[in-house]
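Student: I would like to see how this sequence folds:
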Amino acid sequence: MIAITEDDFDPGAYIDAARTPDNGGIVAFTGIVRDDGIISMELESYKDVALQELTLIRDEAMARYGINSLDIIHRTGKLAVGEHIVLIVVGSSHRKAAFQACEYVIDRIKESVPIWKKERTKEGTRWVPGEHNPGSG
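Tutor: Numbers count the residues shown, from 1 in each chain. Predicted structure coming up:
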């Protein structure tokens with residue numbers, strides 16, 4: 001599954017769904033809003049392009065690492081500390097490919113998917129720097 005949603009998700013449900021006879025390993029990464037001085041985070045996306053890019057990333061990872069399954073869920077909207085931001089679940093015959101694919105996917109998301117993060121602090125707001133954030137090019 002590839003999704004961009006304002007709704008929270010249950011990582012365990014996606015991990016359980018990846019538990020198939022051909023998967024000898026499942027690797028999951030869950031990005032969570034951390035308390036490093038922020039009060040909340042707002043995420044915006046160019047949804048149609050972001051979904052296309054996530055699909056491309058999934059297809060690249062599956063071909064490159066020979067994995068069996070890959071789910072990517074990314075949140076948008078206003079999120080509080082402790083809430084889920086992103087979930088990547090990789091199912092593979094072997095652990096090494098699953099770990100490599102998971103790392104590849106999160107790195108590619110950061111590089112090319114049009115999702116922007118604005119952090120709210122006591123002092124105000126700030127865009128999280130990155131190659132695909134507004135005003136960074």
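
Student: what about P21, neighbour count?
Tutor: Other residues near P21 come to 5 when the count uses other Cβ atoms under 10 Å. Heads up, the C-betas are built off the backbone N, CA and C, glycines and all.

Student: wait, I meant E44
Tutor: Neighbours of E44 using other Cβ under 10 Å come to 14.

Student: next up, the contacts around it.
Tutor: 76, 115-116, 118 (Cβ atoms under 8 Å, 6 or more residues apart in numbering).

Student: can you pick the most crowded of these?
Tutor: Neighbour counts for these peak at I115, which has 25 neighbours (criterion: other Cβ under 10 Å).

Student: what distance do you get for the nearest residue to it once chain neighbours are set aside to I26?
Tutor: Closest residue to I115 apart from its sequence neighbours, by Cβ to Cβ, 6 or more residues apart in numbering: S45 at 4.4 Å. Applying Cβ to Cβ, to the nearest Å, the value for S45 to I26 is 26 Å.

Student: same deal with T55?
Tutor: In terms of Cβ to Cβ, T55 sits 21 Å off from I26.

Student: try T125
Tutor: 37 Å.

Student: which one's more surrounded, those two?
Tutor: Taking other Cβ under 10 Å, T125 and I26 do not tie; I26 has more neighbours (21 against 13).

Student: please report the distance of the residue nearest to I115 from K117.
Tutor: Taken as Cβ to Cβ, the span from S45 to K117 is 10 Å.

Student: number of residues surrounding the residue nearest to I115?
Tutor: Using other Cβ under 10 Å, S45 is surrounded by 19 other residues.
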